[in-house]
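Chemist: okay, predicted coordinates and the sequence, questions at the end:
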Amino acid sequence: MARGRHPHHTLLRQWSADDQRAIDAALARTHLTELARTPVATLSGGQRQRAWVAMVLAQDTEVILLDEPTTFLDIAHQYELLELLAELNTEGRTIVAVLHDLNQAARFASRLVVMCEGEIRGDGPPAEVLTGDLVGSVFGLGAEVISDPQSGTPMVVPHVRR
């Protein structure tokens with residue numbers, strides 16, 4: 001996690017109490033406090049993924065770019081992480097994440113950008129962008145898009161392939 005603080009250091013400003021506070025907060029938010037002294041190479045895939053997110057949080061940047069942040073996480077940790085990112089967004093940070101799980105993207109994103117073969121095929125609020133036609137044209141998969149009973153956001157229900 002300490003590497004996340006490197007952008008805040010200069011030749012004249014090295015490690016500080018602010019650095020330790022940022023790292024402690026990042027570890028707490030990613031539920032890794034008890035593993036703070038564990039070498040990253042020995043962590044499980046999910047723990048390692050959370051460690052990378054903690055390092056990003058320790059940087060304390062206003063914009064966070066993430067590529068498949070839920071990879072290697074079980075479903076409970078996926079939603080925990082996405083809820084954390086949503087919290088960070090409500091606190092004023094901009095979160096840009098690549099997610100291939102359309103239902104997770106629709107539930108947590110305020111804006112979707114759907115790309116196919118290098119072209120933008122949809123851009124806007126999930127309820128406006130995510131349609132059965134879009135899923136069919138981009139992914140080649142027939143689907144119904146219904147309202148998620150928990151969140152009210154769009155939910156993709158793929159057609160059965162036979």
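Modeler: Now that the structure is in, tell me what you want to look at. Residues are numbered from 1 along each chain as shown.

Chemist: return the per-residue confidence for the most centrally placed residue in the chain.
Modeler: Nearest to the geometric centre of the chain sits residue 69, at 4.6 Å (CA atoms, centre = their mean). Per-residue pLDDT puts residue 69 at 90.

Chemist: test my guess that residue 108 contacts residue 87.
Modeler: No - with contact defined as CB atoms under 8 Å, residue 108 does not count as touching residue 87 (10.6 Å). Using the backbone N, CA and C atoms, a C-beta is placed for each residue, glycine as well.

Chemist: neighbour count winner among these two?
Modeler: residue 108 (21 against 12; other CB atoms under 10 Å).

Chemist: contact partners of stretch 131-141?
Modeler: Outside stretch 131-141, the residues that touch it by CB atoms under 8 Å, 6 or more residues apart in numbering are 102, 114, 116, 121-122, 142-145, 156, 158-159, 161.

Chemist: rerun at 6 Å
Modeler: The contact list for stretch 131-141, computed with CB atoms under 6 Å, 6 or more residues apart in numbering, reads 114, 116, 121-122, 142-145, 156, 158.
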